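**Student:** starting from these lines, generate the structure:
(one chain, ligands or ions: 1)
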Amino acid sequence: MPSTVILGTGSYAPERVLTNAELSTTVDTSDEWIHSRSGIRERRIAAPGETTSDMAVRAAQVADAGVTAADIDLLIVATITPDQPLPAVSCLIQHKLGMRTNTACFDLNAACSGFVYALDTASAMLASGRYRHALVIGAEKLSSIVDWQDRTTCVLFGDGAGAIVLGLSEQPGLGLLGTKLGAYGDCTDLLCITHGGSSNPTTPESIAARDHCLRMKGKEVFKLAVRAMDEAARDILEQHQLHADQIGLVIPHQANLRIIEAISEYLELPMERFFVNVERYGNTSAASIPIALDEARRTGRIKPGDLTLLVAFGAGLTYGSALIRW
Ligand SMILES: CC(C)(COP(=O)(O)OP(=O)(O)OC[C@H]1O[C@@H](n2cnc3c(N)ncnc32)[C@H](O)[C@@H]1OP(=O)(O)O)[C@@H](O)C(=O)NCCC(=O)NCCS
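**Tutor:** As a prediction, this is how the structure comes out:
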């Protein structure tokens, strides 16, 4: 069976930098609190009028895959912040990129694990033999769903996009070797937006209470995140009879430096083997791993033959890991 390989990556972060110091002028917080609790120093914020699809297009346009938009026949966009509830943002992106109308386009929502879920989905669809090249994007404008008056959440999130192009290779043992996906559906209330969906449609009251914004029980999410990421990483290593030490680089979801440090300790793998850029972007949800993956490739942290482990968790609470040989 042919392998699914990553042909290229690209990413985009909006120009506007919002520092902790600047945030502390609008909510009761400080650089010291945010940095010591999360590792974050600053995040990017989309320009007025700049949409999730705009950022996704910018990320896709710089992907170094050596293929054109016309070569892509599958587009999956992982996001929780599509430009609008309907249609899927993937269709808007398809049009903006000038892709062929016989490209399959859909969005996928697995929150911050969305990119790993989309990678697995795209890979399975390519392996079916019915598609040749997939564009997989993680893109978010979290600044549009954050409650800017809630200091417990607004300091943690940012905007951005990352993209990869997947293709098929006849060379065995390369590319996506495996994935492990799952969810703790009994913990949906830990990280959610309660209003604006079909069970609680938006009302003047819900808008006044900012119930259309993201809410989180940070401490509980923290504990479950560490457990889920540790398990997802261990499971996939076990599946492939690998020891953590054989992994060249772990690219974890960039939510919180302390979560990443806890995973490093649990896996007994030094922090030098983890790619970290949370200090510059905060948590960009589904965009976090593809942005990090692109930066890791472009800064030479990934070499041919290396094994890379992606590991994520997010609202749901979903989790996922993926093992890639370059
Ligand atoms: C949110 C998080 C950083 C908070 O860190 P923490 O060490 O758990 O901090 P606590 O919740 O104990 O808060 C401690 C105090 O700081 C206060 N606080 C919360 N946000 C604050 C802020 N931005 N600035 C200053 N103080 C703040 C709290 O009100 C609390 O005060 P109190 O003790 O008087 O009630 C941490 O729980 C976390 O990262 N959780 C996981 C979040 C995550 O990854 N979400 C994304 C999932 S994809």
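
**Student:** OK, contacts around Leu74?
**Tutor:** By CB atoms under 8 Å, 6 or more residues apart in numbering, the contact set of Leu74 is Thr103, Ala104, Ala122, Met125, Leu126, Tyr131, His133, Ala134, Leu135. (Glycine included, C-beta is placed from N, CA and C.)

**Student:** for the nearest residue to Ala262 once chain neighbours are set aside, phi and psi?
**Tutor:** Nearest non-adjacent residue to Ala262, counting by CB to CB, 6 or more residues apart in numbering: Val226, 4.6 Å away. The phi/psi pair for Val226 (degrees, to the nearest 10) reads phi -60, psi -50.

**Student:** ditto for Ala232
**Tutor:** Backbone torsions for Ala232, taken as degrees, to the nearest 10, come to phi -60, psi -40.

**Student:** do you know how far it is from the ligand?
**Tutor:** 13 Å (CB to the nearest ligand atom, to the nearest Å).

**Student:** and the helices in the stretch 101-250 of the chain, which stretches?
**Tutor:** Using DSSP state H, counting those that start in this stretch, the helices of the stretch 101-250 of the chain run over 114-127, 151-154, 204-208, 218-239.

**Student:** touching the shortest one from outside, list them.
**Tutor:** By CB under 8 Å, 6+ apart, the residues outside helix 151-154 that reach it are Leu23, Val27, Asp28, Thr29, Val146, Asp147, Trp148, Cys213, Leu214, Arg215, Met216, Gly218.

**Student:** please pick the buried ones from the residues you listed.
**Tutor:** Among these, those classed as buried by 16 or more other CB atoms under 10 Å are Leu23, Thr29, Val146, Asp147, Cys213, Leu214, Arg215, Met216.

**Student:** looking at the residues you listed, which is nearest Thr194?
**Tutor:** Arg215 (6.9 Å; CB to CB).

**Student:** give the contact list for the nearest residue to that closest one once chain neighbours are set aside.
**Tutor:** Leaving out its chain neighbours, the residue that sits closest to Arg215 by CB to CB, 6+ apart is Cys192, at 6.1 Å. Counting by CB under 8 Å, 6+ apart, Cys192 touches Leu214, Arg215, Ala315.

**Student:** from those, which single one is nearest the ligand?
**Tutor:** Ala315 (6.4 Å; CB to the nearest ligand atom).

**Student:** pLDDT value on the closest one, please?
**Tutor:** In the predicted model, Ala315 carries a pLDDT score of 98.

**Student:** who's in contact with Asp107?
**Tutor:** When contacts are counted by CB under 8 Å, 6+ apart, Asp107 touches Ile76, Val77, Ala78, Thr79, Pro82, Ala88, Val89, Ser90.
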